[in-house]
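[1] Build me a model:
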Amino acid sequence: GAMKSQRSLEDSLLPMTERDVEDAASLQITPEFFEFLHGFREFKTVLSDLDISEEDQVDLFDTLDVDGGGTIDLEELLVGISKLRGDARRSDIVSVGLVARSIQAEL
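    A predicted model of the protein is given here:
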């Protein structure tokens, strides 16, 4: 209802439930959606929090699409971001997935 929309993205990331993790894990991100996501301040902020530079963010989709399948899932996100910054905590990646998820849900 109306209450839900009052919650900010930050709020919606906490507390993280198993279901949230599963939702984020089932996320499939296309290049178009990734571009779209990149227009959101929240998404860029999460990436910056993960120490991913602006330059890396531009090519991030190609970097993350490990299998060349044209979409990236949470697993590829995990692997790719870990490579970029050396040490991504699972919760960090899930928050990226959830931000993507919440933006997608509002479309």
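
[2] Run a quick neighbour tally on the closest residue to residue 94 other than its chain neighbours.
    Spatial nearest neighbour of residue 94, chain neighbours left out: residue 24 (5.0 Å); criterion: CB to CB, 6 or more residues apart in numbering. Bear in mind the C-beta positions are built from the backbone N, C-alpha and C, glycine included. Here the number of neighbours of residue 24 (other CB atoms under 10 Å) works out to 22.

[3] and the helix or strand where residue 36 lies, C-alpha only, in CSV?
    Counting by DSSP states H and E, the element that carries residue 36 is helix 31-38. Output of helix 31-38 as CSV, limited to C-alpha atoms (Å, rounded to 0.1, in the frame of the first residue of the first chain):
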residue,chain,number,x,y,z
PRO,A,31,22.7,-4.4,-20.9
GLU,A,32,19.8,-2.1,-21.4
PHE,A,33,18.6,-2.5,-17.9
PHE,A,34,22.1,-2.0,-16.6
GLU,A,35,22.4,1.3,-18.6
PHE,A,36,19.0,2.3,-17.1
LEU,A,37,20.2,1.3,-13.6
HIS,A,38,23.3,3.4,-14.1
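
[4] I am finished for the moment; much appreciated.
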